[in-house]
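>>> The following comprises the amino acid sequence and a computationally predicted model.
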Amino acid sequence: MDAKSIRRRQEVDDEDGIWKYVFGFTEMAVVKCAIELGIPDFLESQQQAVTLDQLSSALGCSPSALYRIMRFLINRGIFKEVEITPSTEAALASTTPSAPTSGYVQTPLSALLTRDGEKSMAAFVRLESSPVMLAPWLKLSGRVLLSSSSGDNNLHNCSSSDAFEAANGKDVWRYAESDPAHSKLIEDAMACHARMAVPAIIQACPDLLLLHGEVVVVDVGGGDGTTVEMLVKAFPGVKGINFDLPHVVSVAPKRPGVHHVGGNMFQRIPKADAVFLMWVLHDWGDEECIQILSKCREAIPEETGKVIIAEAILTEIINGYELGTIPRMKNNTNTKNSKLQEKDHNNNNSYEVGLMLDMVMMAHTGNGLERTEKQWSHVLTAAGFKSYTVTPTSDVVSIIQAWP
Ligand code: SAH
């Protein structure tokens, strides 16, 4: 191929690729639609493949519209279409040979989208596709600009640097306090992730809470208490405190072995042997993290206590080299440099997810961000912690254990 043909081919590839960005929202919207219609639940409840007629009459849908939704989601690998061969009795009973038909079945991905499944992520999709969470994305450039301009160019009409506040009038936590339904969406979504993450954390760190004697663990920003209940069950003898804002714990369900405490982590954290924080510190900037971590340090015994942080850790990439690579599921804390390899990224999409989470922090929080290990080291040291280890898990979060 000559240089001109190669250039033209690249242009065609780029032109094809751009549609992903033009219509990027389609995937989330169609998945949300499938959840609302209950398609994953219906397919899961059936022992065999379901025809379009069966699916549309069970769900009360227009067959032609449902066909198009299914065609889209099959193309994305969310559902599968298989051939249905008529049973031997049906074939014998029929006077005319029947043409093979096709039917829909679930896939491991659609199993994650049932409404109430143990591993369901449906509530997370519902949260992120809610108007409240979508609106700040339209203010993202205002979050990045040093100062917002009004004037003739009204493109950046966001006067606050917090995109969530610019869209919804309050920061994300004050908004949740004022809107119990939205607060429930948040807590349900977080509980979805907790049900996936906690088993991965325990597998990666089997002695996470095997401390001496009777142990109390406080989950700071613990939401509805799902995480601390799972920890208490996994580590017999451990007592759990679920600590969160008063409006969150006042509606949290009662959980065995868990005491709910309402308060503000910037003021005081209940005393415990270990403090656990998952997806809390990434909501805050460095100064705020240092304040929270200092309060955590005050809450634990100086000699024996520890702070456990579950967060995505971004690989640091400088001049094509990965620094502080965190290989998933390898139970070590090595942070040696390694040449950036394409295959690492293909095997492990946690970097991609980490970068997405970082954008979510930018859209939904004032100063939140995902951090590299070097950035974590900075906030931990500034908050007075003397040592820490990092353990990757099979989930997007890694575990940092820090000692005063
Ligand atoms: N750790 C949970 C929830 C993470 S979402 C999980 O991973 O499933 C962040 C949590 O921090 C929310 O539940 C929010 O209510 C809580 N939070 C925000 N500000 C807080 C504060 N000042 N004090 C205590 N909790 C706070």
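All right, it came through fine.

>>> Share the number of residues neighbouring whichever residue of the stretch 201-350 of the chain sits closest to the ligand, please.
Among all residues of the stretch 201-350 of the chain, Gly221 sits closest to the ligand, at 2.9 Å; criterion: C-beta to the nearest ligand atom. C-beta coordinates here come from the backbone N, C-alpha and C atoms, glycine included. Summarising burial for Gly221: neighbours were counted as other C-beta atoms under 10 Å, giving 22.

>>> Report whether the longest helix along the chain contacts the ligand.
In the chain, assigned by DSSP state H, the helix with the most residues is helix 180-204. Yes: on the criterion C-beta under 6 Å from any ligand atom, helix 180-204 is in touch with the ligand at Met190, His193, Ala194.

>>> Name the member of those that has the highest neighbour count.
Neighbour counts for the residues of helix 180-204 next to the ligand, by other C-beta under 10 Å, peak at Ala194, which reaches 27 neighbours.

>>> my guess is that residue meets Val228, correct?
No: using C-beta atoms under 8 Å, Ala194 is not in contact with Val228, being 9.3 Å away.

>>> And the strands in the stretch 101-250 of the chain?
In the stretch 101-250 of the chain, the strands defined using DSSP state E, counting those that start in this stretch lie at 101-106, 215-220, 238-244.

>>> Sheet partners, orientation included, of the second one?
Which is strand 215-220. The strands beside strand 215-220 in its sheet (DSSP bridges) come out as strand 238-244 (parallel), strand 274-278 (parallel).

>>> any residues touching it, and which ones?
Residues from elsewhere that reach strand 215-220 (C-beta atoms under 8 Å, 6 or more residues apart in numbering): 209, 225, 227-228, 231-232, 235, 237-244, 261, 265, 269-278, 280, 292, 296, 299.

>>> what's near enough to touch the closest residue to Val144 other than its chain neighbours?
Leaving out its chain neighbours, the residue that sits closest to Val144 by C-beta to C-beta, 6 or more residues apart in numbering is Met362, at 7.8 Å. Contact partners of Met362, counting by C-beta under 8 Å, 6+ apart, are Leu140, Arg143, Val144, Ala163, Gly368, Leu369.

>>> The strand or helix carrying Met362 and the ligand in contact?
Following DSSP states H and E, one finds Met362 within helix 350-364. No: for helix 350-364 and the ligand, the contact criterion (C-beta under 6 Å from any ligand atom) is not met; the two come no nearer than 10.5 Å.

>>> Please list the residues of the stretch 201-350 of the chain that sit near the ligand.
Residues of the stretch 201-350 of the chain found near the ligand (C-beta under 6 Å from any ligand atom) are 221-223, 227, 244-245, 248, 264-266, 278-280, 283.

>>> Of the residues you listed, which pair is most distant in space?
Greatest spacing in those, by C-beta to C-beta: Thr227 and Phe266 (20.5 Å).

>>> higher neighbour count, the two?
For Thr227 and Phe266, the more surrounded residue by other C-beta under 10 Å is Thr227, and the numbers stand at 29 against 12.

>>> Please look at Ile290 and Thr381 and confirm they touch.
No: applying C-beta under 8 Å as the test, Ile290 and Thr381 come out as separate, 9.5 Å apart.

>>> With neighbour numbers in mind, choose between the two.
Ile290 (19 against 14).

>>> now the helix or strand harbouring the more buried one: how far from the chain's centre is it?
Following DSSP H and E, one finds Ile290 within helix 286-299. Relative to its chain's centre, helix 286-299 lies at 24 Å (C-alpha atoms, centre = their mean, to the nearest Å).

>>> just the angle between it and strand 274-278, please?
For helix 286-299 against strand 274-278, the angle by axes from the mean of the first three to the mean of the last three C-alpha atoms, to 10 degrees is 150 degrees.

>>> got the CA positions of helix 286-299 in PDB?
Extracted in PDB, the C-alpha atoms of helix 286-299 (Å, rounded to 0.1, in the frame of the first residue of the first chain):
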ATOM      1  CA  ASP A 286      -5.600  16.600  49.000                       C
ATOM      2  CA  GLU A 287      -6.200  19.200  51.800                       C
ATOM      3  CA  GLU A 288      -9.600  17.600  52.600                       C
ATOM      4  CA  CYS A 289      -8.100  14.100  52.500                       C
ATOM      5  CA  ILE A 290      -5.300  15.100  54.900                       C
ATOM      6  CA  GLN A 291      -7.900  16.500  57.300                       C
ATOM      7  CA  ILE A 292     -10.000  13.300  57.100                       C
ATOM      8  CA  LEU A 293      -7.000  11.000  57.400                       C
ATOM      9  CA  SER A 294      -5.800  13.000  60.500                       C
ATOM     10  CA  LYS A 295      -9.200  12.400  62.100                       C
ATOM     11  CA  CYS A 296      -8.900   8.700  61.200                       C
ATOM     12  CA  ARG A 297      -5.400   8.700  62.900                       C
ATOM     13  CA  GLU A 298      -6.900  10.300  66.000                       C
ATOM     14  CA  ALA A 299      -9.600   7.500  66.100                       C
END
